[in-house]
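Q: Pasting the sequence and the predicted coordinates here, then a few questions.
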Amino acid sequence: MSFKTHGSGRPQRSASSFRRGGRPSGGRSGGRNKGPAKQYIHPSKFINKAAVREDEVAYVPKNVFDDFPFGAELRANIRAKGYKNPSPIQDQAIPEIIAGKDVIGLANTGTGKTAAFLLPIIERMSGIMLRPSVLIVAPTRELAQQIDEEFRVFSRGLGLYSALIVGGVNVDRQLRDLKRRPHFIIGTPGRLKDLIDKRHLQMKNMSTLVLDEADRMLDMGFLPDIRAIVKEMPKERQSLFFSATITPDIEALVHDFLRDPVTISVRTTETSDHVEQSIIEARDKTHKLELLTDMLHQDDYSKVLVFGETKFGVQRLSDHLSNSGHPSVAIHGNKNQSQRQKALRQFKDEHVKVMVATDVAARGLDIPNVTHVINFDTPQTYSDYVHRIGRTGRGGARGRAHTFIDTQR
């Protein structure tokens, strides 16, 4: 069976047939899907020769972690994590945050920005009696969970506690955690606003606000919730915004929420510029499945993120891959929080080589060392495409992205 690619992809062998049919890859979503109509994206936009990284000048940090004025316990936790030389955002943001300044951090996802804001805040919180004092807001449950996990690693032995306040899970445990008066509140906008409205969460002692992936939160429609949350906080506080881009909405938030902020930009060129992108033509869904299964037989497809359009389709594709000898997990809106966390952990720890996801479920995830992103179904918008392929090619690694399209006649 023939296999046709355009761009930087290379020909693959065909695999055994998948007997269930389906609608063509480039078509509109079926009747189950609601929401805006899918944008047409010309196939040429899915093709790009990756920029040559050798032309980039390696960043030389001004500091090592031992240079920062951290206490002995925090230094030990940093060393246990294996950190020695800070990333650019850590190198430049940590001194400004320690100095108490408001900061706008512009950095690509996967550049170590979580540690850039956690470490100086953890150091400052040692011995602080007012609780809770720190509010960290993230766009998705998974990102909030990752921040909380990193907080627990860095704060080990320091007597600091956090509460994870996110939607989609039972609120009772979160209410119990709040009664312990944790130092850090880490959560998503919707659930945070809900608990503030019900007076379960008080903002009066909050001295530090962190908005992580602020641009993503605005894209997801959280601006009203964010404004309502910040309105409850003291005006005298330190505010830290981290974003991949500066948009007019972000500028408006900066004007309203930050005081004389220091802007730190360590963004490289767009992530997609460093990802080898190609299209793969397929006649129908059965053909796509054959080609995908064959690609996964190759050794260099070692950690693969596959995007599908619907929750049902993502689950069925994951089950098919697992039954075909390619261990796979699925992450989508029909999974509860514990199921999503288990699937994410299996993929991050490389117990499975493939994760199949919908766009909404995968937003905000920071997964290291993804070798390939495969768009089994084309995205709703080009912005979604950029977000998808940005999950590979991070931290200097080579990334590849393939997008299935209908056979061109």
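A: Happy to help now that I have it. Residues are numbered from 1 along each chain as shown.

Q: Just the helices from the stretch 201-350 of the chain, written as ranges.
A: For the stretch 201-350 of the chain, helices defined by DSSP state H, counting those that start in this stretch occupy the ranges 214-219, 223-231, 248-257, 285-296, 311-323, 337-348.

Q: would you say Pro368 is within a strand?
A: No: assessed with DSSP: H, G, I helix; E, B strand; the rest coil, Pro368 is coil; it does not lie in a strand.

Q: picking up where we left off before, for Ile47, find the nearest of the helices of the stretch 201-350 of the chain.
A: Ranking those by proximity to Ile47 (C-beta to C-beta) places helix 285-296 first, at 17.1 Å. All C-beta spots, glycine's among them, are computed from the backbone N, C-alpha and C.

Q: Would you mind getting the angle between that closest one and helix 311-323?
A: For helix 285-296 and helix 311-323, the angle between their directions (axes from the mean of the first three to the mean of the last three C-alpha atoms, to 10 degrees) works out to 50 degrees.

Q: Show me how far helix 285-296 is from its chain's centre.
A: Computed by C-alpha atoms, centre = their mean, to the nearest Å, the separation of helix 285-296 from the middle of its chain amounts to 27 Å.

Q: Would you mind writing the CA trace of that helix as CSV?
A: Provided in CSV are the C-alpha atoms of helix 285-296 (Å, rounded to 0.1, in the frame of the first residue of the first chain):
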residue,chain,number,x,y,z
LYS,A,285,-9.8,6.8,8.4
THR,A,286,-8.9,3.1,7.9
HIS,A,287,-5.9,4.2,5.8
LYS,A,288,-4.9,6.7,8.5
LEU,A,289,-5.0,4.0,11.1
GLU,A,290,-2.8,1.8,9.0
LEU,A,291,-0.3,4.5,8.4
LEU,A,292,-0.2,5.6,12.0
THR,A,293,0.3,2.1,13.3
ASP,A,294,3.1,1.6,10.9
MET,A,295,4.8,4.8,11.9
LEU,A,296,4.7,3.8,15.6
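
Q: Name the residues of it that are buried.
A: Neighbour counts using 16 or more other C-beta atoms under 10 Å place 285, 287-296 of helix 285-296 among the buried residues.

Q: Also stretch 348-361?
A: For stretch 348-361, by 16+ other C-beta under 10 Å, it's 348, 352-359, 361.

Q: Could you look up the SS state of Leu105?
A: You called it Leu, but residue 105 is Gly. strand.

Q: wait, isn't it in contact with Phe241?
A: Yes: counting by C-beta atoms under 8 Å, Gly105 does reach Phe241; the two are 6.9 Å apart.

Q: And those two? Which one has more around it.
A: Neighbours were counted for Gly105 and for Phe241 using other C-beta atoms under 10 Å; Gly105 has more, 28 against 25.

Q: Show me what the more buried one is bridged to.
A: Beta-bridge partners for Gly105, by DSSP bridges, are Phe242, Ile264.

Q: Show the end-to-end separation of stretch 318-335, please.
A: The stretch stretch 318-335 measures 13 Å between its terminal residues, going by C-alpha to C-alpha, to the nearest Å.

Q: what's the answer for stretch 133-149, then?
A: Stretch 133-149 has an end-to-end distance of 18 Å (C-alpha to C-alpha).

Q: quick one: average pLDDT of it?
A: For stretch 133-149, mean pLDDT is 92.

Q: neighbours around Gly82, how many?
A: So Gly82, with other C-beta under 10 Å, has 6 neighbours.

Q: circling back to that earlier point, let's have the buried residues of stretch 348-361 in CSV, adding pLDDT.
A: Output for the buried residues of stretch 348-361, formatted as CSV (pLDDT from 0 to 100):
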residue, pLDDT
Lys348, 88
Val352, 94
Lys353, 94
Val354, 96
Met355, 96
Val356, 96
Ala357, 93
Thr358, 91
Asp359, 84
Ala361, 66
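
Q: In strands, which of those fall?
A: 354-357 (DSSP state E).

Q: Can you pull out the low-pLDDT segments for the stretch 251-400 of the chain?
A: The stretch 251-400 of the chain contains residues with pLDDT under 70 at 267-273, 361-364, 395-396.

Q: ok, now with 80
A: Residues of the stretch 251-400 of the chain that meet the criterion pLDDT under 80 lie in 267-274, 337, 360-366, 382-383, 393-398.

Q: Distance-wise, check Val166 relative to Ile367.
A: Taking C-beta to C-beta, to the nearest Å as the measure, Val166 falls 18 Å from Ile367.

Q: and these two? which has more neighbours close in?
A: Val166 (23 against 19).

Q: re earlier: would you check which pair of the ones in strands among the buried residues of stretch 348-361 lies furthest apart?
A: Going by C-beta to C-beta, the pair spanning these furthest: Val354 and Ala357, at 10.2 Å.

Q: what's the overlap in contacts for those two?
A: Residues touching both Val354 and Ala357 (C-beta atoms under 8 Å, 6 or more residues apart in numbering): 305-306.

Q: name the element Leu119 belongs to?
A: Assigned by DSSP states H and E, Leu119 falls within helix 113-125.

Q: picking that back up, distance to Ala397 for the helices of the stretch 201-350 of the chain - can I get that in a markdown table?
A: Listed next are the helices of the stretch 201-350 of the chain as a markdown table, based on distance: least, C-beta to C-beta, whole Å:
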| stretch | distance to Ala397 |
| --- | --- |
| helix 214-219 | 22 |
| helix 223-231 | 33 |
| helix 248-257 | 28 |
| helix 285-296 | 19 |
| helix 311-323 | 23 |
| helix 337-348 | 15 |
